[in-house]
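Q: Got a sequence here, can you model it:
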Amino acid sequence: MSQNNSAIAPELVNQFVQDAHGDFDSVKKLLEKEPALVNSCWDWGGGDWETGLGAAAHMGRKDIAEFLLNKGARIDLFAAAMLGKLEIVQAVVNDNPAVVNEKGPHGIALMIHAKKGGKEAAEVVKFLQSVGNSVKKMVR
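A: Have a look, this model is predicted:
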């Protein structure tokens with residue numbers, strides 16, 4: 001099996017990440033054209049890196065996020081929070097409670113990602129609130 005190690009055109013990565021904020025049809029077409037885009041990452045500058053999954057996560061686009069995960073995207077804490085994956089969020093946060101204050105792409109807080117998940121992420125929101133309150137007490 002041969003492996004193509006050539007770089008993906010930056011314009012294609014930029015378009016993919018932008019479209020993953022909400023254009024599901026375009027995301028499907030772009031991945032069909034270039035499957036390696038699934039884990040590509042765009043640098044918006046100033047340390048603001050974003051994947052297609054990250055874009056879908058902070059926009060609450062479960063359909064796009066689940067599609068990307070099924071295509072091999074690597075889940076992260078922010079996507080797990082939006083998708084209501086309580087066990088994943090608990091494992092990471094229990095290991096390092098300070099991550100409740102971490103920010104994802106564009107400086108968007110973990111709690112905002114969870115709230116974008118709606119009803120399916122309600123338990124994640126509740127968990128993050130409880131941990132966040134504990135972390136605040138420890139810092140004081």
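Q: Check which residues of stretch 46-56 are buried.
A: Within stretch 46-56, the residues scored as buried using 16 or more other C-beta atoms under 10 Å are 50-56. For every residue, glycine as well, the C-beta is placed using N, CA and C.
Q: Can you give me the end-to-end span of it?
A: One end of stretch 46-56 to the other measures 21 Å (C-alpha to C-alpha, to the nearest Å).
Q: still on that earlier bit, redo the buried residues of stretch 46-56 as CSV? Include distance to E11 and secondary structure.
A: Compiled in CSV, these are given as follows (distance: C-beta to C-beta, whole Å; DSSP: H, G, I helix; E, B strand; the rest coil):
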residue, distance to E11, secondary structure
E50, 16, strand
T51, 17, strand
G52, 15, helix
L53, 20, helix
G54, 19, helix
A55, 16, helix
A56, 20, helix
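Q: how far away is the residue nearest to the spatial centre of the chain from N94?
A: Nearest residue to the geometric centre of the chain (C-alpha atoms, centre = their mean): G54, 3.0 Å. In this structure, G54 and N94 are 23 Å apart, going by C-beta to C-beta, to the nearest Å.
Q: rewinding a little: quick check: the residue nearest to the centre of the chain touching A80?
A: No: with contact defined as C-beta atoms under 8 Å, G54 does not count as touching A80 (11.7 Å).
Q: name the element Q129 belongs to?
A: In this assignment (DSSP states H and E), Q129 forms part of helix 122-139.
Q: the strands in this protein, which residues?
A: 41-43, 49-51 (DSSP state E).
Q: Of all the ones you listed, which one is nearest Q15?
A: The closest of these to Q15 is strand 41-43. By C-beta to C-beta, the value is 9.4 Å.
Q: returning to that earlier point: could the strands of the chain be laid out in a markdown table, adding mean pLDDT and distance to E34?
A: Formatted as a markdown table, those follow (pLDDT from 0 to 100; distance: least, C-beta to C-beta, whole Å):
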| stretch | mean pLDDT | distance to E34 |
| --- | --- | --- |
| strand 41-43 | 96 | 14 |
| strand 49-51 | 97 | 14 |
